[in-house]
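Participant: Structure for the following, please:
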Amino acid sequence: MDTLLTPTAKPHPMPADWRDFFTLTKPRVMTLVIFTGICGLLAAPGTIHPVLGFTAILAIAMGAGGSAALNQWWEMDLDAGMKRTANRPLPTGRMLPKDARDFGVFLSVTSVGLMGVAIGWLAAIALAAAIVYYAVIYTMWLKPRTPQNIVIGGGSGAFPPFIGWVAVTGEITLMPVLLFAIIFMWTPPHFWALALFMKSDYAKVGIPMMPVVAGEKSTRIQILVYTVLLAPVAIAPWAIGEVSWVYGSISVVLSLLFFALAMPVGTRERAAEDQMLPERKLFKFSIIYLFALFAALVADRLLENNGLIGGGMFA
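Facilitator: Sure thing, here's the model as predicted:
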């Protein structure tokens, strides 16, 4: 797509203000990034100095903001063609493309350097991988080329709790990999629910999202499949004895609710975009699901650290 190769935007005579730069970081997405990063940090065994913990989360937030800015710089023409994104700083001409690009590069490079110097280079490498994954592999390569963009690209949003855990422990074990896997498996049903009622926007700008390329029926079936696959991954931390029945029972209940909301979405044939209440419900609940699941992880760890519960599946 030529528009992806040569991003352009309407110049504006006035410089962008701080609110435009803040918008580039995708604050709503950033909330989930910061939250899951904090949860990974708090749930990890061991301790970290509060200042260092804050620094680690700041670096994660900066990295996410930098990659989001690069995403919008690359996709400014696509954003201009979609109602959901047309009012962003670049499509409206409130910001010059080079300013967004430089801002994204600055945040990305600074975040990795800060993480490496203050916390450790293993966490910094993971953060750099997350930035490259989202800004390059997903945005520039996968998204415009394959309907599996969300499946493969889901790894970009799965890094924050992994990085938070590694920042505390300094090592990669099975548990942070499971935290990564939870978000990786959660992303397709979460995003495809949105894509179903936004498919005309994606079709208009030529993005091969699953509903556009494979059709509604295939997308709905895959939403159901990934919902089923998500459940055992979400429950796995309990099964391997890393957490207690507190997290385990909450993960089971949340996964059952997720499946209950995914069923009417997965079994429908098709529906007009203004008649997609089940899809909207699933999308909204999927956000609650992830927040609640990771909050339960932290609560479980705090209860264990205070001697109120024992660790393990049967404790």
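Participant: show me the contacts for I223.
Facilitator: By Cβ atoms under 8 Å, 6 or more residues apart in numbering, the contact set of I223 is 188-189, 192-193, 262, 265-266, 282. The way it works is simple: take the backbone N, C-alpha and C, and place the C-beta from them, glycine included.
Participant: what about A260, how many neighbours?
Facilitator: 12 (other Cβ atoms under 10 Å).
Participant: just to confirm, which helix or strand has it in it?
Facilitator: Per DSSP states H and E, A260 falls inside helix 245-266.
Participant: quick one: average pLDDT of that helix?
Facilitator: For helix 245-266, mean pLDDT rounds to 96.
Participant: Tell me the buried residues in that helix?
Facilitator: Going by neighbour count (16 or more other Cβ atoms under 10 Å), the buried part of helix 245-266 is 245-248, 250-251, 254-255, 258-259, 261-262, 265-266.
Participant: now stretch 93-108
Facilitator: By 16+ other Cβ under 10 Å, the buried positions in stretch 93-108 come out as 94-97, 99-101, 103-104, 107-108.
Participant: what's the answer for stretch 22-40, then?
Facilitator: In stretch 22-40, counting by 16+ other Cβ under 10 Å, buried: 23-26, 30, 32-40.
Participant: Which ones among the residues you listed map onto helices?
Facilitator: 23-24, 30, 32-40 (DSSP state H).
Participant: residues in contact with G153?
Facilitator: 133-134, 137-138, 142-143, 187.
Participant: picking that back up, now the ones in helices among the buried residues of stretch 22-40 in a markdown table, with pLDDT and distance to W238?
Facilitator: Shown next, in a markdown table, are these (pLDDT from 0 to 100; distance: Cβ to Cβ, whole Å):
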| residue | pLDDT | distance to W238 |
| --- | --- | --- |
| T23 | 93 | 39 |
| L24 | 94 | 39 |
| M30 | 91 | 29 |
| L32 | 91 | 22 |
| V33 | 94 | 25 |
| I34 | 96 | 25 |
| F35 | 96 | 21 |
| T36 | 96 | 18 |
| G37 | 97 | 22 |
| I38 | 97 | 21 |
| C39 | 97 | 16 |
| G40 | 97 | 17 |
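Participant: what's the angle between the top helix by length along the chain and helix 245-266?
Facilitator: Ranked by residue count and defined by DSSP H, the top helix of the chain is helix 277-305. Orientation of helix 277-305 against helix 245-266 (axes from the mean of the first three to the mean of the last three Cα atoms, to 10 degrees) gives an angle of 170 degrees.
Participant: name the helices or strands packed onto helix 277-305?
Facilitator: Helix 277-305 sits against helix 27-43, helix 174-197, helix 216-239, helix 245-266, with contacts defined as 3 or more Cβ pairs under 8 Å, 6 or more residues apart in numbering; DSSP states H and E.
Participant: can you tell me which residues contact the closest residue to I221 other than its chain neighbours?
Facilitator: Nearest residue to I221, sequence neighbours excluded (Cβ to Cβ, 6 or more residues apart in numbering): G266, at 6.1 Å. For G266, the contacting residues are 220-221, 223-224, 227, by Cβ under 8 Å, 6+ apart.
Participant: what's the answer for R88, then?
Facilitator: 23-24, 72, 76, 79.
Participant: Among these, which pair sits farthest apart?
Facilitator: Across the contacts of R88, no pair lies farther apart than T23 and M76, at 12.8 Å, counting by Cβ to Cβ.
Participant: which two from the contacts of G153 end up farthest apart in space?
Facilitator: I137 and T187 (14.1 Å).
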